[in-house]
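> Model the following, please.
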Amino acid sequence: MLKIVMTWREGELKDDLLIFTQQHFSREENLLEKCGHNDIKQYKSTHDFLLQALRKSYIQYKQNTINASELKKFLNEGYRAICQVWMQIC
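The predicted model follows:
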């Protein structure tokens, strides 16, 4: 997701952002489960919260309620939040 956020230019957002994010989070959760991670619930809860917020922001973007720069800001903040949780549970 960081690569998407860092290389994204105004107006280049693709409709598959939500699908990519869901698949990415799902892969991470599966890996944590396979590794026997003991705090996967907190990680999954953060993913669920971020996906819900992303869906809301994405709908606003598609309806022209927010612009691409505002959505990009949300994505950057979401990525930072994931990194903070990751560092706490690893």
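
> any chance you could map the helices in this protein?
2-7, 17-34, 40-62, 68-89 (DSSP state H).

> what's the distance between residue 23 and residue 51?
11 Å (C-beta to C-beta, to the nearest Å). Quick note: C-beta positions are derived from backbone N, CA and C, even for glycine.

> now the helices of the chain in a markdown table, with mean pLDDT and mean neighbour count?
A markdown table is the format used below for the helices of the chain (pLDDT from 0 to 100; neighbours: other C-beta atoms under 10 Å):
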| stretch | mean pLDDT | mean neighbour count |
| --- | --- | --- |
| helix 2-7 | 47 | 12 |
| helix 17-34 | 86 | 13 |
| helix 40-62 | 84 | 15 |
| helix 68-89 | 74 | 15 |
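
> what's stretch 60-67 in contact with?
Contact partners of stretch 60-67, identified using C-beta atoms under 8 Å, 6 or more residues apart in numbering, comprise 13, 57, 68, 70-71.

> Just the terminal-to-terminal distance for it.
8 Å (C-alpha to C-alpha, to the nearest Å).

> Next up, phi/psi of the residue of the chain positioned farthest from its centre, please.
Distance from the C-alpha centroid of the chain peaks at residue 36, with 22.9 Å (C-alpha atoms, centre = their mean). Residue 36 adopts backbone torsions of phi 70, psi 30, taken as degrees, to the nearest 10.

> Please report how far it lies from residue 49.
Taking C-beta to C-beta, one finds residue 36 at 24 Å from residue 49.

> Same check on residue 61?
Distance from residue 61 to residue 49, by C-beta to C-beta: 19 Å.

> Quick one: residues contacting residue 33.
Counting by C-beta under 8 Å, 6+ apart, residue 33 has contacts residue 40.

> next one: residue 55
Residue 55 neighbours (C-beta under 8 Å, 6+ apart): residue 18.
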